[in-house]
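> just coords:
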């Protein structure tokens with residue numbers, strides 16, 4: 001991120017306390033966007049002029065599913081602490097037997113991660129309509145736009161725009177299985193509290209159960225966060241590297257994603273970790289399924305960013321997922337690359 005540009009963008013962003021109200025005003029200005037949806041140009045729709053509530057996200061994606069009933073299907077993946085359904089949307093072209101699982105907003109305050117995930121799904125449908133390259137060329141795409149629904153809603157309805165943890169006070173991205181789980185002994189009340197035990201939370205336990213039930217058809221997992229402008233591969237919970245050939249395969253895959261993002265104007269680092277994170281999703285994906293788990297940390301000066309950044313972040317996520325889909329074919333059975341992996345970089349916590 002360029003500091004000067006970042007300061008300008010931050011100045012244009014809403015304050016944390018006023019962010020939801022500013023976006024509600026944007027909602028009023030873009031009312032009727034569902035009536036103007038045109039296949040092949042969904043990403044130009046007014047939906048992406050604002051950050052959206054969970055209800056609006058579901059309504060938008062349900063509408064796309066209705067418009068493309070043979071391409072988009074809905075799947076109940078899990079439930080939240082407060083009993084809400086965590087829904088995923090599968091985009092399929094009828095040719096692929098396997099899929100890539102993508103999720104966003106394990107941390108409620110990371111609205112940009114959800115916006116990027118929804119944009120990527122819409123862009124995939126646009127590309128299918130327009131016969132352009134897209135993630136579904138290689139794998140079906142399953143997108144869960146919001147994992148931490150309960151707290152995501154609270155970022156819209158309470159004064160705490162910066163809620164990170166679940167409604168049960170757990171950092172969901174510390175609750176996944178790991179041999180180093182809670183190695184830093186985070187206490188209850190911490191923003192990184194991992195819960196009472198591995199998969200203690202309905203959100204993570206349900207997703208784990210769903211992935212286990214679909215293990216034969218899931219060939220990779222991508223976890224979208226904000227705002228460190230980084231592509232991260234395992235391991236995040238130890239300085240020990242994945243064994244070869246996986247370390248080299250990960251570097252090739254990560255480099256492909258990083259390059260694709262750069263091609264649409266993004267500037268992302270490629271690393272194994274920002275800092276040690278115990279119980280994260282990408283490590284879980286690799287250790288449990290030997291599939292390419294990856295974290296995409298979208299760019300941003302803060303968790304509160306201006307609406308003008310939505311489409312650029314969306315383009316970056318879409319480009320990254322398209323490259324990931326292609327590179328995952330190599331990871332899951334292609335030739336062994338020989339390129340050495342780069343050193344790990346360290347960035348501020350997100």
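Ah, there it is. Since this is a predicted model, take the numbers as computed values, not measurements.

> make it CA atoms for all contacts and neighbour counts henceforth
Noted.

> count of neighbours near residue 253?
Residue 253: 25 surrounding residues under other C-alpha atoms under 10 Å.

> my bad, should have said residue 238
Residues within reach of residue 238, counting by other C-alpha under 10 Å, total 17.

> Nearest residue to it in space, please, no chain neighbours.
Taking C-alpha to C-alpha, 6 or more residues apart in numbering as the measure, residue 238 lies nearest to residue 276, with 6.6 Å between them; neighbours along the chain are not counted.

> now residue 126
Once flanking residues are discounted, residue 126 sits nearest to residue 40: 4.0 Å by C-alpha to C-alpha, 6+ apart.

> What residues does that neighbour make contact with?
125-130 (C-alpha atoms under 8 Å, 6 or more residues apart in numbering).

> now it: how far from residue 128?
From residue 40 across to residue 128, the span is 8 Å (C-alpha to C-alpha, to the nearest Å).

> Looks like the residue nearest to residue 238 contacts residue 240 (just checking).
No: the criterion here is C-alpha atoms under 8 Å, and residue 276 misses it with residue 240 at 11.4 Å.

> What helix or strand is residue 230 located in?
Here residue 230 is covered by strand 218-232, with elements defined by DSSP states H and E.

> Hmm, I typed the wrong one, I wanted residue 302.
Element membership of residue 302 [criterion: DSSP H and E] is none; it lies in no helix or strand.

> how many other residues sit next to it?
When neighbours are counted by other C-alpha under 10 Å, residue 302 registers 19.

> Could you verify my assumption that it touches residue 227?
Yes: between residue 302 and residue 227 a contact is recorded at 6.4 Å, counting by C-alpha under 8 Å.

> Tell me which of residue 276 and residue 240 has more neighbours.
Set side by side, residue 276 and residue 240 give different neighbour counts by other C-alpha under 10 Å, the larger being at residue 276 (17 against 9).

> Pass me the low-pLDDT residue ranges in the stretch 201-350 of the chain, would you?
Where the stretch 201-350 of the chain drops to pLDDT under 70, the residues are 334-350.

> Now do the helices in it.
Across the stretch 201-350 of the chain, reading from the start of the chain, the helices by DSSP state H, counting those that start in this stretch fall at 202-213, 246-263, 281-289, 310-331.

> Next, format the ones you listed as a markdown table and append distance to residue 105.
Shown next, in a markdown table, are those (distance: least, C-alpha to C-alpha, whole Å):
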| stretch | distance to residue 105 |
| --- | --- |
| helix 202-213 | 12 |
| helix 246-263 | 20 |
| helix 281-289 | 12 |
| helix 310-331 | 14 |
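
> The ones you listed: which one's closest to residue 18?
helix 310-331 (17.8 Å; C-alpha to C-alpha).

> by contact count, what packs against the closest one?
For helix 310-331, the elements it packs on are helix 111-129, helix 246-263, strand 293-299, judged by 3 or more C-alpha pairs under 8 Å, 6 or more residues apart in numbering; DSSP states H and E.

> Stretch 213-224: which residues count as buried?
Of the residues in stretch 213-224, those buried under the neighbour-count criterion (16 or more other C-alpha atoms under 10 Å) are 217-224.
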